[in-house]
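> Any chance you could fold what I've pasted below:
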Amino acid sequence: MTDATSGPPRWVGMVLIPLVNLFLALAITGLIVLGIGENPLTALHFLVYGAFGYIEGLGYTLYYTTNFLFTGLAVAVAFHARLFNIGGEGQAYIGGLGVGLVCLAFDDTLPLILIVPLSIAAAAVFGAAWAYIPAYLQAKRGSHIVITTIMFNFIAAALMVYLLVNLLIKPGQMSPESREFTPNAWLPFMHEAMGAIGIEMARSPLNLSFVWALVCCVLVWVFIWHTRWGYEIRTVGGNETAAVYAGIRPARVIIMAMCISGALAGFVGVNEILGVHHRLLLNFTAGYGFTGIAVALMGRNHPVGILLASLLFGALYQGGAELAFEIPAITRDLVVMIQGLVILFSGALEHMFRPQLERLFQRRGAALPVET
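Predicted structure coming up:
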């Protein structure tokens, strides 16, 4: 029997509402572009073309997408346990530190086939360790996870400055960064990997960590929805009191979820340090940890949605750079504002049109005859 009084279809919340929010953000952006005397359709053309219109631009889009995948998945895993992890930026920073230390220690002695798994493991361990302390404070001492993770972002930044200025800086230089790793510890770029099998591809920062990001999407999906530990995380997030009655220990689940979240955020260091910069340096996270919050919200904390949202934000980053180059009146600051509008409507205002759309589909369902 089809119940006419049931709620709206699931796709309304999963697909329609994010699309409406995105459309509204782009509509307001179009009005702003029109207000400065430019054609919104022309601006949209350059935005889309810069992100997907040629191979190099697509490579940059997927490079940004990789970082958003890691941070979006990190926020989503914590959010399933009803934990708002704001510390992805700091966890990515410390994860990159782990990658850098492995490369600095072994780039002259180990082959790449060993350095890559060691670097991935180091990124996970360092990121999880940085998330463990706020998780412990939340689970055992009642400290709010939002406050502690925000503070740990600043501590991570200060720690990296100290290490790079006083301990890890390359001797004889003023710039606070380590020496460059030997090519033996460079994760292959995608154009190099494709060239090895006879496929020509334009040069871009896109590297094989993109493949690892896709693997992480599958692993998170399996973990959250097809394992006992994922069930415990979702149960604690849904109703902590019921979880206790079911024999689940919320403190253990909170620590587990946050450690996995920190490990995922730490993989940003694999993309940036091992795959692109090939040295330890400051500010390589570039706000990816914070944007990952909007990515997770827009993707409804599901790996498929996060993949699509990451691709959208990657396109905004790359297409926005192309837009600022092609239309001088649209400055880089205006591009950042466009990105901010998308984050605003997909994050802070994501539920603005939900009641109206849900009532619309509920009325439509009520108008249909009940089938038995």
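
> shouldn't Gly96 be in contact with Gly266?
Yes: between Gly96 and Gly266 there is a contact under C-beta atoms under 8 Å: 7.5 Å. Every C-beta, even on glycine, is put in place using the N, C-alpha and C of the backbone.

> Identify the contacts common to the two.
Ala123 (C-beta atoms under 8 Å, 6 or more residues apart in numbering).

> so where is the chain shaky, pLDDT-wise?
The model of the chain has pLDDT under 70 over residues 1-14, 347-358, 361-372.

> change it to 50
Flagging of the chain using pLDDT under 50 yields the residue ranges 1-5, 372.

> Report the contact partners of the residue lying closest to Lys170 once chain neighbours are set aside.
Among residues not flanking Lys170 along the chain, Arg179 sits closest, at 4.2 Å (C-beta to C-beta, 6 or more residues apart in numbering). Neighbouring residues of Arg179 by C-beta under 8 Å, 6+ apart: 104, 170, 279.

> How many neighbouring residues does the last one have?
For Arg279, the neighbour count with other C-beta atoms under 10 Å is 19.

> and it, what are its phi and psi?
When read as degrees, to the nearest 10, the backbone of Arg279 gives phi -170, psi 160.

> was I right about it contacting Ser175?
No: judged on C-beta under 8 Å, Arg279 makes no contact with Ser175 at a distance of 9.9 Å.

> which residues touch stretch 96-116?
Under C-beta under 8 Å, 6+ apart, the answer for stretch 96-116 is 118-119, 122-123, 125-127, 160, 163, 168, 178-179, 181-182, 184-187, 266, 268-270, 272-274, 278-280, 284-285.

> Output it as CSV, nothing but the C-alphas.
In CSV, the C-alpha atoms belonging to stretch 96-116 read as follows (Å, rounded to 0.1, in the frame of the first residue of the first chain):
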residue,chain,number,x,y,z
GLY,A,96,51.2,16.5,5.8
LEU,A,97,53.8,16.7,8.5
GLY,A,98,53.7,12.9,8.7
VAL,A,99,54.1,12.6,5.0
GLY,A,100,57.0,15.0,4.9
LEU,A,101,58.9,13.3,7.8
VAL,A,102,58.7,9.9,6.0
CYS,A,103,60.0,11.4,2.7
LEU,A,104,62.8,13.3,4.4
ALA,A,105,63.8,10.2,6.3
PHE,A,106,63.6,7.6,3.5
ASP,A,107,63.7,9.3,0.1
ASP,A,108,67.4,8.4,-0.4
THR,A,109,67.0,4.8,0.8
LEU,A,110,63.6,3.3,-0.1
PRO,A,111,61.9,2.9,-3.5
LEU,A,112,58.8,4.7,-4.3
ILE,A,113,56.7,1.6,-4.0
LEU,A,114,57.5,1.5,-0.3
ILE,A,115,57.5,5.3,0.3
VAL,A,116,53.9,5.7,-1.0
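
> Throw together a ChimeraX command that grabs the buried residues out of the contacts of stretch 96-116.
Restricted to buried positions by 16 or more other C-beta atoms under 10 Å, the ChimeraX selection for the contacts of stretch 96-116 reads:
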select :118,119,122,123,125,126,127,160,163,168,178,181,185,186,187,266,268,269,270,272,273,274,278,279,280,284,285
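
> now, which of the contacts of stretch 96-116 lie within helices?
Of the positions in those, 118-119, 122-123, 125-127, 160, 163, 266, 268-269 sit in helices, assigned by DSSP state H.

> And those, which two are furthest apart?
The distance between the two most remote of the ones in helices among the contacts of stretch 96-116 (C-beta to C-beta) is 20.5 Å, for Leu118 and Met160.

> How far off centre is stretch 67-77?
Chain-centre distance of stretch 67-77: 4 Å, with C-alpha atoms, centre = their mean, to the nearest Å.

> list the buried ones in it?
Within stretch 67-77, the residues that count as buried by 16+ other C-beta under 10 Å are 67-77.

> cool, stretch 47-63 as well?
47, 50-51, 56-63.

> can you check stretch 159-171 too?
Neighbour-count burial for stretch 159-171, with 16+ other C-beta under 10 Å as criterion, is recorded at 159-160, 163-164, 168-169.

> List the contacts of Gly35.
No contacts exist for Gly35 under C-beta under 8 Å, 6+ apart.

> typo on my end, Gly88
By C-beta under 8 Å, 6+ apart, the contact list for Gly88 reads 71, 74-75, 261, 265, 288-290, 292-293.

> Same question for Ala81.
Ala81 neighbours (C-beta under 8 Å, 6+ apart): 233-234, 236-237, 253-254, 257-258.

> If we use 10 Å, what do you get?
Contacts for Ala81 (C-beta atoms under 10 Å, 6 or more residues apart in numbering) come out as 135, 145, 232-238, 240, 243, 250, 253-258, 260-261.

> ok, of these, which come out buried?
Among these, those classed as buried by 16+ other C-beta under 10 Å are 135, 145, 232-237, 243, 250, 253-258, 260-261.
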